[in-house]
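Novice: Just a sequence and a predicted model for now, questions to come.
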Amino acid sequence: MTPTTLPAAPRNGMRVLDLCSGAGGAGMGYFLAGFDVVGVDIRPQPNYPFTFHQGDAIEYVREHGADFDLIHASWPCQHHTALTKGTNKGREYPDLIPAGRAAMLATGRPCVLENVQGAPIRRDLTLCGEMFGLRVIRHRYFEIHGFPTLQMPHLPHRGRVAGCRHGKWYEGHYFAVYGDGGGKGTVAQWQTAMGMHWTDVRKEIAEAIPPAYTRHIGEQFTAHTAASVPSPEGVS
């Protein structure tokens, strides 16, 4: 998907900075909520569907963050994942959350930090794919500064995640959108499960969050901003 083939979405006149953007899972959600999106990532992201800058996210937010209405960051999470503490134990990964949070807060702009379960961020909001009717579970925590958000009910999961476990195949309502083995599903199934049809690269889909998550957050921010604007004198 290119900027000329983005889905139709109403615009709200605001800009969001999408740090550690990856291929744009978070960015797409904000776009669908009405924002103009600018992404930053240390790695090239040829499938990112919005304006993109390759570079250090902490340096970029320090220099340009105050120019945006909202800042979102998905700081690298490998340091905190269950795999790092289990299968990949012993490998070293950077923890950019403390420095990244400090740089974001220094801008004075409302901001959102997203990360995996186990990451040292506040759990102001917890989202799950089932809340949005997706066929992926993907629990994520969100630390939110500067505006309130609505915590959706955490619905019961509908059965298993499809795939192989200890040599046995299990049918399931959800797909495991990560890794390569265990009958994880086709690329098309991953795209549909996540709501990410602009890239067909497994790694990009696996590292993203569903756009539905940030669409929800972006709509909450827009509603809060609209409610905070004083009415013209004499108008109630």
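Specialist: Thanks, I have it. Numbers count the residues shown, from 1 in each chain.
Novice: Surely Leu125 touches Phe147?
Specialist: No - applying CB atoms under 8 Å as the test, Leu125 and Phe147 come out as separate, 11.1 Å apart. Just so you know, the C-beta spots here come from the backbone N, C-alpha and C atoms, and that holds for glycine as well.
Novice: So between the two, which is more surrounded?
Specialist: Higher neighbour count among Leu125 and Phe147: Leu125, with 21 against 18, using other CB atoms under 10 Å.
Novice: Who's the closest spatial neighbour of that one, skipping the chain neighbours?
Specialist: Counting by CB to CB, 6 or more residues apart in numbering, Leu125 lies nearest to Phe142, which is 4.1 Å off, once chain neighbours are set aside.
Novice: Next, work out how far apart the one you found and Leu155 are.
Specialist: 18 Å (CB to CB, to the nearest Å).
Novice: Have a look at those two and say which one is more surrounded.
Specialist: Set side by side, Phe142 and Leu155 show more neighbours around Phe142, with 23 against 12, by other CB under 10 Å.
Novice: The more buried one and His197, how far apart?
Specialist: 24 Å.
Novice: Next up, the contacts around the most centrally placed residue in the chain.
Specialist: Closest to where the C-alpha atoms of the chain average out (CA atoms, centre = their mean) is Ala26, at 3.6 Å. Going by CB atoms under 8 Å, 6 or more residues apart in numbering, Ala26 touches Asp18, His72, Ser74, Glu114, Ala208, Ile209, Pro211, Tyr213, Thr214.
Novice: Serialize those residues to JSON lines and add fields for secondary structure, distance to Gly167 and neighbour count.
Specialist: As requested, the contacts of Ala26 are arranged in JSON lines below (DSSP: H, G, I helix; E, B strand; the rest coil; distance: CB to CB, whole Å; neighbours: other CB atoms under 10 Å):
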{"residue": "Asp18", "secondary structure": "strand", "distance to Gly167": "41", "neighbour count": "32"}
{"residue": "His72", "secondary structure": "strand", "distance to Gly167": "41", "neighbour count": "30"}
{"residue": "Ser74", "secondary structure": "coil", "distance to Gly167": "34", "neighbour count": "26"}
{"residue": "Glu114", "secondary structure": "strand", "distance to Gly167": "35", "neighbour count": "25"}
{"residue": "Ala208", "secondary structure": "coil", "distance to Gly167": "30", "neighbour count": "25"}
{"residue": "Ile209", "secondary structure": "coil", "distance to Gly167": "31", "neighbour count": "24"}
{"residue": "Pro211", "secondary structure": "helix", "distance to Gly167": "35", "neighbour count": "24"}
{"residue": "Tyr213", "secondary structure": "helix", "distance to Gly167": "34", "neighbour count": "25"}
{"residue": "Thr214", "secondary structure": "helix", "distance to Gly167": "38", "neighbour count": "31"}
